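> need a 3D model of the following:
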Amino acid sequence: MSEIAFVNGTWSALSEAVVSIQDRGFQFGDGVYEVIRTYGKAVFGLREHLSRLQASAAEIDILMPASLPSLDAAIRLGCEKCGFSDIQIYIQLTRGSAPRNHVYPDSSQTTWVMTFRETKKIPQEMREAGVSIVSTEDIRWAKCHVKSLNLLPNVLAKEAAARAGAFEAIFVREGKAMEGAASNLFAVFNRRIVTPPKGPYILSGITREVVLSLGPSLDFEMCEAPLLFKDLCVADEIFLTSTTIEVLSVVRFNGTPVGQGQPGKTTQALHKAFQSYVQER
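This next block holds a predicted model:
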């Protein structure tokens with residue numbers, strides 16, 4: 001078993017993979033990405049992830065390097081090559097290598113990079129205890145639905161959270177809570193569960209969509225609606241979702257306990273339902 005990489009058709013050990021210093025992903029953050037995981041070598045939500053990758057690339061005029069079936073095949077081959085059971089797959093597309101100029105090059109070949117590493121799972125004690133989050137001003141651009149390489153605001157938010165002893169930072173824009181720096185946000189009000197709606201200011205996650213679909217079967221009212229910061233502060237429960245954390249309870253928000261200050265029953269029920277959904281795939 002080994003960490004491996006794919007760069008424009010060439011496979012190598014991850015430590016040996018390289019791209020040009022003139023690549024526009026390095027020079028400008030001119031690219032998009034996806035993070036995918038497997039469960040026991042079964043790739044989770046691959047079609048949905050690749051569709052989102054294609055949509056993100058189209059939004060910023062990057063040509064796909066191959067058809068979706070070819071991308072699918074390469075990903076599955078990488079999973080076989082690395083040998084891990086639970087794999088984290090990172091895919092990155094950039095506008096390619098060209099002399100540094102803000103204007104698109106007249107011609108360039110899309111840089112296609114993938115890495116395959118063992119999934120780092122959330123420690124069980126963290127899942128059982130829940131995590132803390134803090135709020136931060138949303139200083140990102142107006143196309144957050146594009147999974148862009150331009151993550152400096154997210155990096156700054158994550159660092160601020162870490163310095164505050166928190167797991168995640170929640171972006172707040174004009175009095176509304178949007179999402180985490182690397183996660184989607186849900187708040188529970190009795191049996192009503194609210195998450196900010198799709199739009200240019202959030203990146204709608206694959207796990208988010210699954211959770212929205214699972215809620216009604218548990219008799220929860222799932223609502224995609226603006227989530228005011230003041231309402232988030234008095235929620236019965238708060239939880240986060242993403243490919244890597246699945247469904248994770250929040251027990252403190254800006255230093256104040258959420259609900260009873262421990263993982264809530266609604267969040268636990270949704271995580272259990274999500275795990276069953278994964279096992280059935």
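> need the three-state assignment for Gln109.
coil (DSSP: H, G, I helix; E, B strand; the rest coil).
> please name the nearest non-neighbouring residue to it.
Of all residues not flanking Gln109 in the chain, Gly96 sits nearest, at 4.9 Å (C-beta to C-beta, 6 or more residues apart in numbering). Yep, even glycine has a C-beta here, placed from its N, CA and C like the rest.
> Ala187 now?
Nearest non-adjacent residue to Ala187 (C-beta to C-beta, 6+ apart): Ala235, at 4.0 Å.
> cool, and Ala5?
Leaving out its chain neighbours, the residue that sits closest to Ala5 by C-beta to C-beta, 6+ apart is Ala17, at 3.5 Å.
> gap between that neighbour and Glu3?
Relative to Glu3, Ala17 is positioned 10 Å away (criterion: C-beta to C-beta, to the nearest Å).
> what residues are shared contacts of the two?
Residues touching both Ala17 and Glu3 (C-beta atoms under 8 Å, 6 or more residues apart in numbering): Thr115.
> how much space between the residue nearest to Ala5 and Leu50?
As judged by C-beta to C-beta, Ala17 and Leu50 stand 21 Å apart.
> one more: Lys158?
Distance of Lys158 to Leu50, given as C-beta to C-beta: 26 Å.
> what's the answer for Ile62, then?
According to C-beta to C-beta, Ile62 stands 14 Å off from Leu50.
> the more surrounded of those two?
Ile62 (23 against 19; other C-beta atoms under 10 Å).
> and the residue nearest to Ala5, how many neighbours?
Ala17 has 17 neighbours, counted by other C-beta under 10 Å.
> for it, give me its contacts.
Contact partners of Ala17, counting by C-beta under 8 Å, 6+ apart, are 5-7, 113, 115.
> Leu185: what secondary structure?
strand.
> what bridges to it?
Leu240 (DSSP bridges).
> my read is that it contacts Met178, right?
Yes. Counting by C-beta atoms under 8 Å, Met178 is a contact partner of Leu185 at 7.3 Å.
> got any residues that touch both of the two?
Residues touching both Leu185 and Met178 (C-beta under 8 Å, 6+ apart): 170, 196.
> what helix or strand is the nearest residue to Gly40 once chain neighbours are set aside located in?
Excluding the flanking residues, the one nearest Gly40 by C-beta to C-beta, 6+ apart is Ser85, at 5.6 Å. Ser85 is part of no helix or strand when elements are defined by DSSP states H and E.
> what residues does Ser85 make contact with?
Going by C-beta under 8 Å, 6+ apart, Ser85 touches 38, 40-41.
> relative to Met1, how far out is it?
Distance check for Ser85 against Met1: by C-beta to C-beta, it reads 9 Å.
> strands of the stretch 151-281 of the chain, start to end?
In the stretch 151-281 of the chain, the strands defined using DSSP state E, counting those that start in this stretch lie at 168-173, 176-180, 184-189, 192-195, 221-224, 227-228, 237-242, 246-253, 256-257.
> out of those strands, which one sits most buried?
Across the strands of the stretch 151-281 of the chain, averaging neighbours per residue (mean count of other C-beta atoms under 10 Å) puts strand 237-242 on top, at a mean of 26.
> what's that one packed up against?
Using 3 or more C-beta pairs under 8 Å, 6 or more residues apart in numbering; DSSP states H and E, the elements in contact with strand 237-242 are strand 131-137, strand 184-189, helix 206-214, strand 246-253, helix 265-280.
> average model confidence for it?
Averaging pLDDT along strand 237-242 gives 98.
> does the residue of the chain most remote from its centre belong to a helix, a strand or coil?
Distance to the chain centre peaks in the chain at Asp106, reaching 32.2 Å (criterion: C-alpha atoms, centre = their mean). Secondary structure, three-state DSSP: Asp106 is coil.
> do you know how far Leu71 is from Ser217?
In terms of C-beta to C-beta, Leu71 sits 32 Å off from Ser217.
> these two: who's more crowded?
More crowded of Leu71 and Ser217, by other C-beta under 10 Å: Leu71, with 22 against 9.
> what sits against Ile91?
Ile91 touches 33-36, 49, 53, 71, 75, 112-114, counting by C-beta under 8 Å, 6+ apart.
> for it, give its distance to Ala74.
In terms of C-beta to C-beta, Ile91 sits 9 Å off from Ala74.
> next one: Ser242
To Ala74, Ser242 is 24 Å away according to C-beta to C-beta.
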